[in-house]
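Visitor: Quick one, what's the 3D model for this:
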Amino acid sequence: MFRLVPAHSSSIGDATPETAGEFGIWTGYRLPQDRADWHPLVRRLYDYWRSITPPGRLPGRQHVVPEDIAPMWSRMFLLDVFRDPLRYRYRLCGTGIVRSLEREVTGGWLDEVHPQLIADLDARERFRFMVETGRPTWRRGPPICARDPEHRTIEGCIVPLATDGVSVDKLMGVLVAFDTAGKAI
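Guide: Numbering: from 1, shown residues only. Model (predicted):
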């Protein structure tokens with residue numbers, strides 16, 4: 001599957017070259033070393049994920065303490081990962097995201113809620129990359145599935161979770177939307 005390096009390393013969840021697959025533009029992806037320009041909530045999720053990561057393993061949902069991430073709740077989502085075929089279902093979706101989407105999506109399948117997201121090869125490969133390598137991702141760019149016309153840019157970090165410490169069974173993310181002036185909404 002993949003090999004995890006110790007939590008004190010800068011590359012938690014790195015796939016070894018012999019086990020890394022092809023993931024389109026995400027092949028060989030690494031988080032930016034300099035995260036100073038990340039939105040504070042996005043950086044906070046990544047830092048929190050690293051802080052709960054057991055040595056040599058991935059953290060699971062059992063390691064997440066909701067009270068520790070309360071400032072992110074309205075901008076967070078949690079997806080359950082299903083295999084054969086690979087699909088994702090919203091376990092929860094924060095109120096800020098629901099407001100942007102203009103509907104409640106908790107319990108919905110990602111490919112049904114956002115067909116344009118799954119139809120986008122780069123987006124689809126991003127999710128597969130995280131599931132197969134156990135590595136987090138970060139992206140800032142135009143929204144693929146936001147409904148609110150004021151949301152011109154979306155920044156987000158998605159981190160993998162694995163109940164058994166190895167097989168990714170959940171993806172947890174935080175999204176921040178920005179208006180035309182670059183101000184976080």
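Visitor: Nearest the middle, which residue of the protein would you pick?
Guide: Closest to where the C-alpha atoms of the chain average out (Cα atoms, centre = their mean) is residue 158, at 1.4 Å.
Visitor: Helices of the protein, start to end?
Guide: Here the chain has its helices, by DSSP state H, at 40-52, 95-101, 110-113, 115-119, 121-133.
Visitor: In the first one, which of the residues would be classed as buried?
Guide: In other words, helix 40-52. 41, 42, 43, 44, 45, 46, 48, 49, 52 (16 or more other Cβ atoms under 10 Å). For every residue, glycine as well, the C-beta is placed using N, CA and C.
Visitor: and of these, the nearest to residue 116?
Guide: residue 42 (22.4 Å; Cβ to Cβ).
Visitor: Pull the contacting residues for that closest one.
Guide: Shown in contact with residue 42 (Cβ atoms under 8 Å, 6 or more residues apart in numbering): 138, 155, 156, 157, 174, 176.
Visitor: let's see 6 Å
Guide: 155, 157, 174, 176 (Cβ atoms under 6 Å, 6 or more residues apart in numbering).
Visitor: And for residue 159?
Guide: 49, 136, 172.
Visitor: For residue 185, see how far away the residue nearest to the centre of the chain is.
Guide: Distance of residue 158 to residue 185, computed by Cβ to Cβ, to the nearest Å: 20 Å.
Visitor: Is residue 161 bridged to anything, and to what?
Guide: residue 170 (DSSP bridges).
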